[in-house]
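[1] Provided below for reference: sequence and predicted model.
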Amino acid sequence: MNKEFVAKDFIIITVVVSLWVNASEVFRYFLFVRPEMHSYLSVVSNVADMSWGIFAIWGLWDTLLTALYVFLFWLCAQVFGNNTKSITISGVMSWCFFFVLFWVGMANMNLSSWSYLVTVLPMALVETLVASYIASKLYLRKSHNKLSQKDAQTTNASA
């Protein structure tokens, strides 16, 4: 894996991975989180409402989340290589940093039920592991393309 951080590659990979993350977040929100919040926090007016403005903010939040997933994967790949170990470490660490901390905090403040964590946390773990896997494959493709270009340039230069 390329030891140099290439901002262009990072941005492209973040955009592609964000398609998965946004789809996963929207699915989990509408099928699980929103009903839970409506039920658990029914005394709060407009809890878990959805409008275009709120949806846009969540889209930005998901994109930031994705950038952090991709960057953490890149860091792990620098140390361990682009492999299953890096995918697992970055996926689990992302899950702990973003979801375990959030949902345990929510439950600890009585803003969510503890039993709900059994549903939402495994789904979030799948999201982070798949996001790390996609980042891994995209970084492999980028490094393979760069090697192919280098080989072509070397062949052309020696001809």
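    Now that the structure is in, tell me what you want to look at. Remember, predicted model here, so these are calculated numbers, not experimental data.
[2] Tally up the residues packed near the nearest residue to Val130 once chain neighbours are set aside, please.
    For Val130, ignoring the flanking residues on the chain, the nearest one in space by CB to CB, 6 or more residues apart in numbering is Trp20 at 6.0 Å. Every C-beta, even on glycine, is put in place using the N, C-alpha and C of the backbone. Neighbourhood size, Trp20 [other CB atoms under 10 Å]: 18.
[3] just checking, Trp20 touches Ser132?
    No: Trp20 is beyond contact range of Ser132, at 10.5 Å (criterion: CB atoms under 8 Å).
[4] rewinding a little: from Ser94, how far out is the residue nearest to Val130?
    Relative to Ser94, Trp20 is positioned 13 Å away (CB to CB, to the nearest Å).
[5] Common neighbours of those two, please.
    Contact with both Trp20 and Ser94 is made by residues Ala131, according to CB atoms under 8 Å, 6 or more residues apart in numbering.
[6] If we go by neighbour counts, what in the helix or strand containing Leu60 is buried?
    Assessed by DSSP states H and E, Leu60 sits inside helix 52-80. Using 16 or more other CB atoms under 10 Å as the test for burial, helix 52-80 gives 58, 62-63, 65-74, 76-77, 80.
[7] how about the strands in this structure?
    Per DSSP state E, the chain carries no strands over any range.
[8] For it, which segments count as helices?
    Using DSSP state H, the helices of the chain run over 7-28, 34-40, 52-80, 84-95, 101-108, 117-158.
[9] winner for burial among these?
    Of all the helices of the chain, helix 84-95 has the most neighbours on average by mean count of other CB atoms under 10 Å, namely a mean of 20.
[10] Determine the set of other helices and strands touching that helix.
    If contacts are counted by 3 or more CB pairs under 8 Å, 6 or more residues apart in numbering; DSSP states H and E, helix 84-95 sits against helix 52-80, helix 117-158.
[11] Mind putting these into CSV with distance to Ile11 and mean pLDDT?
    What follows is the helices and strands packed on helix 84-95, written out as CSV (distance: least, CB to CB, whole Å; pLDDT from 0 to 100):
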stretch, distance to Ile11, mean pLDDT
helix 52-80, 9, 94
helix 117-158, 12, 83
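[12] Any chance of JSON lines for the ones you listed, columns distance to Leu111?
    Converted to JSON lines, these look like this (distance: least, CB to CB, whole Å):
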{"stretch": "helix 52-80", "distance to Leu111": "18"}
{"stretch": "helix 117-158", "distance to Leu111": "12"}
